[in-house]
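Enquirer: what's the 3D shape of this:
(2 chains)
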There are 2 protein chains.
Amino acid sequence: MAPHLNAIITRTNLNSLLVVGPGHGAPAILACLWLENSLATFWPKYTRDRQGLSALIRGFSVPGGFPSHINAETPGSIHEGGELGYALSVSFGAVMDKPDLVVCCVVGDGEAESGPTATAWHAYKYIDPAESGAVLPIVHVNGFKISERTIYGCMDDKELTALFVGYGYQPRFVEELNDIDQDLASSMQWALDEIHKIQKAARSGNPIVKPRWPVLILRTPKGWSTIKSLHGEYIEGSFRSHQVPLPEAKNDPEERKMLQAWLESYKPSEVLPNGEPSEEVLSIIPKEDKLKLGQKKEAYAAYEPIDVPAWIDHGVKKGTQESCMKVVGKFLNLVTHSNPTSFRIFSPDELVSNKLDAVLEDADSGRNFQWDPASRAKGGRVIEILSEHTCQGMLQGYTLTGRTGLFPSYEAFLGIVHTMMVQYSKFVKMAHETTWRQPVGSLNYLETSTWARQEHNGFSHQNPAFIGAVLDLKPSLARVYLPPDANCFLSTVAHCLRAKDYVNLMVGSKQPTPVWLSPEEADRHCIAGASIWKFASTDDGLEPDVVLVGIGVEVTFEVIAAAALLRKLVPQLRVRVVNVTDLMILGPQGSHPHALEDTDWDALFTGDGESDGKGRRYIHFNYHGYPVELKGLLFGRQGLERVTIEGYREEGTTTTALDMMLQNHTSRYHVAAAAIRGGAKVNKKVEVDAHEMISYVMHLAQKDREYIYANGADPEGTFDVPKFD
Amino acid sequence: MAPHLNAIITRTNLNSLLVVGPGHGAPAILACLWLENSLATFWPKYTRDRQGLSALIRGFSVPGGFPSHINAETPGSIHEGGELGYALSVSFGAVMDKPDLVVCCVVGDGEAESGPTATAWHAYKYIDPAESGAVLPIVHVNGFKISERTIYGCMDDKELTALFVGYGYQPRFVEELNDIDQDLASSMQWALDEIHKIQKAARSGNPIVKPRWPVLILRTPKGWSTIKSLHGEYIEGSFRSHQVPLPEAKNDPEERKMLQAWLESYKPSEVLPNGEPSEEVLSIIPKEDKLKLGQKKEAYAAYEPIDVPAWIDHGVKKGTQESCMKVVGKFLNLVTHSNPTSFRIFSPDELVSNKLDAVLEDADSGRNFQWDPASRAKGGRVIEILSEHTCQGMLQGYTLTGRTGLFPSYEAFLGIVHTMMVQYSKFVKMAHETTWRQPVGSLNYLETSTWARQEHNGFSHQNPAFIGAVLDLKPSLARVYLPPDANCFLSTVAHCLRAKDYVNLMVGSKQPTPVWLSPEEADRHCIAGASIWKFASTDDGLEPDVVLVGIGVEVTFEVIAAAALLRKLVPQLRVRVVNVTDLMILGPQGSHPHALEDTDWDALFTGDGESDGKGRRYIHFNYHGYPVELKGLLFGRQGLERVTIEGYREEGTTTTALDMMLQNHTSRYHVAAAAIRGGAKVNKKVEVDAHEMISYVMHLAQKDREYIYANGADPEGTFDVPKFD
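Expert: Below you'll find the model as predicted:
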């Protein structure tokens, strides 16, 4: 594909990138990159001569060389090879808002069986040919996966034609094995002509309704041109040509001879005289570096920060009740207006449900869905396709080519793209390790409709596991925020949209909840990552017996409600209330760039009592995620015996907000009981009637539970802001 | 759909289940289940009278009632509603090896946008009509998701026809809004006739090549028959009919009046006189309970344990080198023969690559892929489709209807189905909480081609995060095994295939590795979950200074290599070597059914030194997964300050086995250094030259690293079995 694309670029100055889907796709691409001298541009040892060629071949797939799957070390790439299924959606993301770009995307027939690819064919329905470029998909049907036949390989041309016409394409088969080069060249030119027709119509104000984009279906035998057979078994045209067709070539002279003959069939002395490409080969390589597939700025140096308005001007009033998402939605509307061609939102149809619909208010910040006449061609910045995989792929392609995106999602369903996010992070990690890849915007996730509020959806919608997915990443990439109110959420969103090279996960509530902090206070709180909330603490939070820590919106409310309850019931207990908005401050010193120094950690949460001689103080974390994550994160901090943790323990159904807290032991009552239990161990005055107090508190919990099940609702006033007098 | 299906069942005694894909699909089904008196069978309060009806309606989607998505509490269901996209593949799994079963599967047009559904349409290509039943898919196109238009909703009949013909179906549209009942009834009958034609041909020895299975496409407006408009905005036929079309009906008399009129339009007094179904309604309900959709044994009481051969007879010789997967593959071949219609393997085309290909040796244990003439209709027990989602869906459907399956996968890519596995676990958890759902087989995962051996695939293939996914589950379900050798793996597979109601994750190596334990020793080791490996320990592992723990194949080898090295370099250090094969023994006492009692934990890993007065001893874990998981798991055990942990730290590429260990600090040298560091703190004789020894060990590491990068291979003898004399 690459040489043909090169020929076209050389002839027409086409602005193009190549995205390669099939597994082990690196060798062909590396060869082309070496031929066009792009390897040497970024990796000096791979010069375009005999020595460089030798280094390339000898280094391939061994320590210190290029791996067999395309990764960030491959010049021109914007897609981690390996986990199959995402090449297509990434390509679509890349062409958005780049009207002249054509991404040529090779899809393997193995990869085509994956769900993410199977639905990504519809992605063209979200591409406005007036504002965006185009994807030229080439489906390579060679009939086999690793060892089983492929589905496409067992479908005849009529079946495939029907399928792709159904997807909205005009397919053309490339299968003239006697002259595949001519067939492919003319087919690619035909496809580009079709693309330009569609684009021209749209750009001249006469868009074609439901344009039929071209797709090429290339049928060649698996391992075409390798050896025909070995030990009486077919190799070419069979799964046995996968990866290493001659496994014993190193030791078996017979196999080595076959290898020699096979490689010589490519006539290296003609095409690579003296180990350098012949004039004929060079003739199809673009003259200008900036046109070469391996040197496109779009692939490695295209990032321009977006213009993020000062959030503080859009903060909300402390003491009110606001939906974080409503407030953020309005702010995002501004962001879309400030960045009309460099910011997009991808979501599985959840903006309205997640109360972010302010983004959709204007036509030009609204949705973009070409198949729907109502939203067609209006420059909308939002794509809502009910495929998390497609959203993620588009977000990746858009981000890696220099722009900034946002992926809002129900909390429970973001895990659908867990491994995609990991693959992307691997790409970014390796990009960091090169000398030449420039930064990109962050991958921004906004999780809401969390487990804590699933009155109408229930158990299936309760899964905060994506936090753990981000915690597994390299610390240099991983960022997790749980802003406790609307101002903190604004601050966090504004920060993340400006940040580079991270995976930012923001988790919050869509329901109206108290605005605890003024914009200025929220700004300070978010910079610190955590702070003592004196208004809810006893004695200004000084010299506490216990520290109660809220991490997350609803669980922080419960901590504050617990503090209010304790002040009334156990006034002798000295309570400090802490909120953590940046999860990454918690790990042991040095484990993460945000991890607090020990002294700062101790200042917030108290020391372990040995070093400061103050004796043990108890810390109870009321955490939004799975407790096991937080336990893993805290491991290595001193004095963990005094730490207790509650979080989502996989209990729930369609029930009230308070009942969710009760079922998961994160309710005010559970927090209060934990505080008394800890306090009793360090404060004699608390110890006296601790047992009785705990019973009383749990009795209150039981009463509330009974009320909820009798009335189908939480008791009146449950979520009134607690008063501290 | 359900009433029409009931009518057919009543008429023809069809053996059928209904699987409902669309979100919030519960109300319609619950109504039908109440009508057929299946609700009362399992939930006595929902009697088929006015009182039961009132309880059903008042309880819906509030605490104590049915949730709005279908779950395990819904009689007859085999699929957790909520996360969209899996209804279709689950249905296909359910009909396998049940030749008379027809699963009617409703797919929403929102769900249809998801990747998992988009590829699951191909699943029919893996259904042999001679041995399995059939799925009758009904695509319900109502045009909207939560708020955005759907893709299918914006495709015309021609586009959808092409698409489904391409997928291999004959589609029939059901869209006669003036008489939808007649249209749907005759269309369903047509579809069943087509299904029976295909089955009859196959079962009489004349199978149709590439049979065209029927699919129905039902087009009705979203929220059909609800109120037309509210406050000047369309409701019926618009996204506003999603969930709650009259949100203020409780407080606004106007809305309440509209609600009343809407509900009365269904003529409750005619169809439910006195709150009980009329004769006419009852006439289409199957007379026999066993035919009712809500009382099918297949859905709640069909499990029969499979026949698992005694693994110990197939154990391998201690002291040899064996690939766990080769050995397990042979054993699985036996399992397929012992269970010709109740055991299946689903894999994304990785059996050969994962060295499990012994399963494929015979035609009748081989693959089953109807579109491939070579494998068609041979009763193969293996389906290899390159869609983890489809594999998982099929496995779920097969398992929940009483059979047993296995999902072998590359380690890195099992995370693709993370959230599916969680949804399934939620179903099983709720099933446990009912009084009437019987056990099912376990969901069995076999992970290999792990991060530790990716010489040819590299970084993209390195991701052990699925362990963490299982750790987040309820402890009653979660099981994670990392058998250290082939005999332990055999024992583990045999156990898992017999176990009920768990999610079993087995992680191991496909490369030849030492057989450390005889079959009998392996049996004891696996029952215990962990044990001291005296052969590698100093002084029989008594009174150690440090405990070195291996969890996983390759990291355990490194521990043993470290022990050998230490015996030579630091003979004064007393080392105990422990292997953990059952990860769940580690958590604090009481946290998991397998968690060791404190005394047993201490016996294995040594006490914290305070209680037994022996002083602190150090424990170093060399763990296969992400360290943060193990940290979370251990939290709560006493004396964690003496614990250090290394594991996969997200470093790697295409490199050698030893280099992977070096890069991730799990190498023998890192283990030895950790041991010396710990030992120096408790053993004066070690302290003396500890610093020097650590430098020396790390110097050895550096030398190996240099060798690897100079030679592209590990030094000769790196993986020879260490000698202990």
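
Enquirer: what segments of the stretch 451-600 of chain A are helices?
Expert: A:466-471, A:486-498, A:519-528, A:553-569, A:598-605 (DSSP state H, counting those that start in this stretch).

Enquirer: of all the ones you listed, which one is nearest chain B?
Expert: helix A:466-471 (5.6 Å; Cβ to the nearest Cβ). Placement of C-beta: from N, CA and C, glycine included.

Enquirer: measure residue A:247 to chain B for me?
Expert: Remark: distance between residue A:247 and chain B (Cβ to the nearest Cβ, to the nearest Å) = 11 Å.

Enquirer: just the pLDDT at that residue, thanks.
Expert: pLDDT, residue A:247: 88.

Enquirer: about what we covered before: distance to residue A:710, mean neighbour count and mean pLDDT added to the helices of the stretch 451-600 of chain A, as a markdown table?
Expert: Shown next, in a markdown table, are the helices of the stretch 451-600 of chain A (distance: least, Cβ to Cβ, whole Å; neighbours: other Cβ atoms under 10 Å in any protein chain shown; pLDDT from 0 to 100):
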| stretch | distance to residue A:710 | mean neighbour count | mean pLDDT |
| --- | --- | --- | --- |
| helix A:466-471 | 35 | 26 | 96 |
| helix A:486-498 | 33 | 25 | 98 |
| helix A:519-528 | 39 | 18 | 98 |
| helix A:553-569 | 21 | 24 | 97 |
| helix A:598-605 | 40 | 18 | 95 |
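
Enquirer: can I get these in TSV with distance to chain B?
Expert: Output for those, formatted as TSV (distance: least, Cβ to the nearest Cβ, whole Å):
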stretch	distance to chain B
helix A:466-471	6
helix A:486-498	22
helix A:519-528	24
helix A:553-569	17
helix A:598-605	14
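
Enquirer: figure out which of these is closest to residue B:80.
Expert: helix A:466-471 (18.5 Å; Cβ to Cβ).

Enquirer: and the nearest residue to residue A:651 once chain neighbours are set aside, what does it touch?
Expert: Of all residues not flanking residue A:651 in the chain, residue A:663 sits nearest, at 4.2 Å (Cβ to Cβ, 6 or more residues apart in numbering or on different chains). Contacts for residue A:663 (Cβ atoms under 8 Å, 6 or more residues apart in numbering or on different chains) come out as A:651-652, A:655.

Enquirer: scan those and report the most crowded one.
Expert: residue A:655 (25 neighbours; other Cβ atoms under 10 Å in any protein chain shown).

Enquirer: tally of neighbours for residue A:384?
Expert: Applying other Cβ under 10 Å, I find that residue A:384 has 27 neighbouring residues.

Enquirer: again, but for residue A:685
Expert: Residue A:685: 15 neighbours (other Cβ under 10 Å).

Enquirer: can you tell me how far it sits from residue A:574?
Expert: Using Cβ to Cβ, to the nearest Å, we find residue A:685 at a distance of 10 Å from residue A:574.

Enquirer: do the same with residue A:59
Expert: 64 Å.

Enquirer: state which one residue of the stretch 1-150 of chain A is found closest to chain B.
Expert: Chain B sits closest to residue A:82 of the stretch 1-150 of chain A, with a gap of 2.5 Å, by Cβ to the nearest Cβ.

Enquirer: OK, contacts around that residue?
Expert: By Cβ under 8 Å, 6+ apart, the contact list for residue A:82 reads A:23, A:69, A:71, A:423, B:412, B:457-461.

Enquirer: number of residues surrounding residue A:720?
Expert: A total of 10 residues lie near residue A:720 under the criterion other Cβ under 10 Å.

Enquirer: ditto for residue A:236
Expert: A total of 17 residues lie near residue A:236 under the criterion other Cβ under 10 Å.

Enquirer: in this structure it contacts residue A:224, no?
Expert: Yes: with contact defined as Cβ atoms under 8 Å, residue A:236 reaches residue A:224; the gap is 6.4 Å.

Enquirer: could I get the full set of strands for the stretch 301-450 of chain A?
Expert: A:321-323, A:343-347, A:382-384, A:404-410, A:443-448 (DSSP state E, counting those that start in this stretch).

Enquirer: which of those strands sits closest to chain B?
Expert: strand A:382-384 (4.2 Å).

Enquirer: what packs against that closest one?
Expert: strand A:343-347 (3 or more Cβ pairs under 8 Å, 6 or more residues apart in numbering or on different chains; DSSP states H and E).

Enquirer: looking at residue A:59 and residue A:574, which one has more neighbours?
Expert: Using other Cβ under 10 Å, the more surrounded residue of residue A:59 and residue A:574 is residue A:574, with 23 against 18.

Enquirer: might you report the residue contacts of the more buried one?
Expert: Applying Cβ under 8 Å, 6+ apart to residue A:574 gives the contacts A:538-539, A:543-546, A:679, A:683.

Enquirer: now swap in residue A:421 and tell me
Expert: A:392, A:443, A:469-470, A:503.

Enquirer: alpha carbons of stretch A:631-640, as PDB, please.
Expert: C-alpha atoms of stretch A:631-640 as PDB (Å, rounded to 0.1, in the frame of the first residue of the first chain):
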ATOM      1  CA  LYS A 631      -5.300   0.300  49.600                       C
ATOM      2  CA  GLY A 632      -2.800  -0.400  46.900                       C
ATOM      3  CA  LEU A 633      -2.200   3.300  46.500                       C
ATOM      4  CA  LEU A 634      -1.500   3.900  50.200                       C
ATOM      5  CA  PHE A 635       0.800   0.900  50.600                       C
ATOM      6  CA  GLY A 636       4.200   2.200  51.500                       C
ATOM      7  CA  ARG A 637       2.900   5.100  53.600                       C
ATOM      8  CA  GLN A 638       3.800   4.700  57.300                       C
ATOM      9  CA  GLY A 639       1.400   3.500  60.000                       C
ATOM     10  CA  LEU A 640      -1.300   1.900  57.800                       C
END
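
Enquirer: pLDDT averaged over that stretch - what is it?
Expert: 94.

Enquirer: check which residues of that stretch are buried.
Expert: Using 16 or more other Cβ atoms under 10 Å in any protein chain shown as the test for burial, stretch A:631-640 gives A:631-640.

Enquirer: distance to chain B and secondary structure added to those, as JSON lines?
Expert: What follows is these, written out as JSON lines (distance: Cβ to the nearest Cβ, whole Å; DSSP: H, G, I helix; E, B strand; the rest coil):
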{"residue": "A:631", "distance to chain B": "4", "secondary structure": "helix"}
{"residue": "A:632", "distance to chain B": "3", "secondary structure": "helix"}
{"residue": "A:633", "distance to chain B": "7", "secondary structure": "helix"}
{"residue": "A:634", "distance to chain B": "7", "secondary structure": "helix"}
{"residue": "A:635", "distance to chain B": "4", "secondary structure": "strand"}
{"residue": "A:636", "distance to chain B": "8", "secondary structure": "coil"}
{"residue": "A:637", "distance to chain B": "10", "secondary structure": "strand"}
{"residue": "A:638", "distance to chain B": "7", "secondary structure": "coil"}
{"residue": "A:639", "distance to chain B": "9", "secondary structure": "coil"}
{"residue": "A:640", "distance to chain B": "6", "secondary structure": "helix"}
